[in-house]
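Novice: test case, fold it:
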Amino acid sequence: MGSHRVDETAAAPAGAPMVGRLAIIGIGLIGSSIARAARQHGLASSIAIADASPAAMAEASRLGLGDSCGTDAAEAAADADLVILCVPVGAMGQVGAAIAGALKPGAIVSDVGSVKGSVVAQLGPHLPEGVHLVPAHPVAGTENSGPGAGFASLFHNRWCIITPPEGADPQAVETLRAFWAGMGANVETMSPERHDLVLAVTSHLPHLIAYNIVGTAADLEQVTRSEVIKFSAGGFRDFTRIAASDPTMWRDIFLNNKDAVLEMIGRFNEDLAALARAIRWGDGDALFELFTRTRAIRRGIIDSGQETAEADFGRRHDDDATA
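Specialist: Coordinates of the predicted model:
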């Protein structure tokens, strides 16, 4: 998305906001999309934004993403009813410690990280009594980053998984559920542990494979880099899109969900070895059975509304295309 979509920050028609002060810590793709969507749908009375990058804050201010913009996370979190941490998973503990003293009783602290067990472990010890920790993960995104990359419809008809730790306040959980639903998301609740296993299969392993395939292609001595770029087919282009995702974010995801990811890598290696045997021995029936099953999964994703069957082939320039 380009920075021209400033109209998405326009105030929604008057109505009772869901939360008073919303604080967004970290203003990349997800944080800026939350700011835009919350503004568009009238979900917060005011929006405070903080990011450690002065350049990001200058752009967020220029785009009008918040009522206040600064580099001090604690200042943004002060008196906030809902604080959403949109920072890399590995930085959650540091940010949690920085804002702890500014949080008011009854405040809800959430996040958007792709790993949940680590987030609970990092944030829990820092939050004062009476502050409610309710982690969440919006399963949405693009390969782009920065304040100008966000758009208000990013979460529309996408899943957001809420992962309340044991003993979480039910009202805080319901408030966060309603907030995400208000931005158009489909909301599911599961334990942090279950989330991390499911996402290791559906997100983390595919990204790891994409990074590895693109890296392998780049390192092949028998094929030049220009040939890889010139003759890349649709499948390879799909992998390059995934492999273009934020390096810091994905480094932290793999390191903080390593047990589940390593378990899935082990299973993948076993299945890949079986596939190699089928190719080596000319077992066409085994290949056909696998390809038929996987094709059915693709159709199921389309039928559920999580993807479109429209042909793309990397030629579409739709600003609202999401990963």
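Novice: use CA for all of it now, contacts and neighbours both
Specialist: OK.
Novice: for the longest helix that the chain contains, report the contacting residues that lie outside it.
Specialist: Criterion DSSP state H: the longest helix present in the chain is helix 258-280. Residues from elsewhere that reach helix 258-280 (C-alpha atoms under 8 Å, 6 or more residues apart in numbering): Asp196, Leu197, Ala200, Val201, His204, Leu205, Phe254, Gly284, Ala286, Leu287.
Novice: low-confidence regions, the stretch 151-300 of the chain specifically.
Specialist: 221 (pLDDT under 70).
Novice: quick one: the helices in it?
Specialist: With helices called from DSSP state H, counting those that start in this stretch, the stretch 151-300 of the chain shows them at 170-182, 192-199, 205-219, 225-230, 234-243, 247-256, 258-280, 284-303.
Novice: could you dump the ones you listed into a markdown table with distance to Gly20 added?
Specialist: Shown next, in a markdown table, are the helices of the stretch 151-300 of the chain (distance: least, C-alpha to C-alpha, whole Å):
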| stretch | distance to Gly20 |
| --- | --- |
| helix 170-182 | 12 |
| helix 192-199 | 27 |
| helix 205-219 | 37 |
| helix 225-230 | 49 |
| helix 234-243 | 36 |
| helix 247-256 | 29 |
| helix 258-280 | 37 |
| helix 284-303 | 37 |
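Novice: turn those helices into CSV, columns for distance to Ile162 and mean neighbour count.
Specialist: CSV is the format used below for the helices of the stretch 151-300 of the chain (distance: least, C-alpha to C-alpha, whole Å; neighbours: other C-alpha atoms under 10 Å):
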stretch, distance to Ile162, mean neighbour count
helix 170-182, 7, 18
helix 192-199, 9, 18
helix 205-219, 21, 16
helix 225-230, 39, 12
helix 234-243, 24, 16
helix 247-256, 17, 16
helix 258-280, 19, 14
helix 284-303, 21, 12
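Novice: select, out of the ones you listed, the one closest to Gly124.
Specialist: Nearest to Gly124 among the helices of the stretch 151-300 of the chain is helix 192-199 (13.0 Å), distances taken as C-alpha to C-alpha.
Novice: and the angle from the closest one to helix 258-280?
Specialist: 30 degrees (axes from the mean of the first three to the mean of the last three C-alpha atoms, to 10 degrees).
Novice: so what touches helix 192-199?
Specialist: Ser114, Val115, Lys116, Gly117, Val120, Ile161, Thr163, Pro164, Pro165, Asn257, Ala260, Val261.
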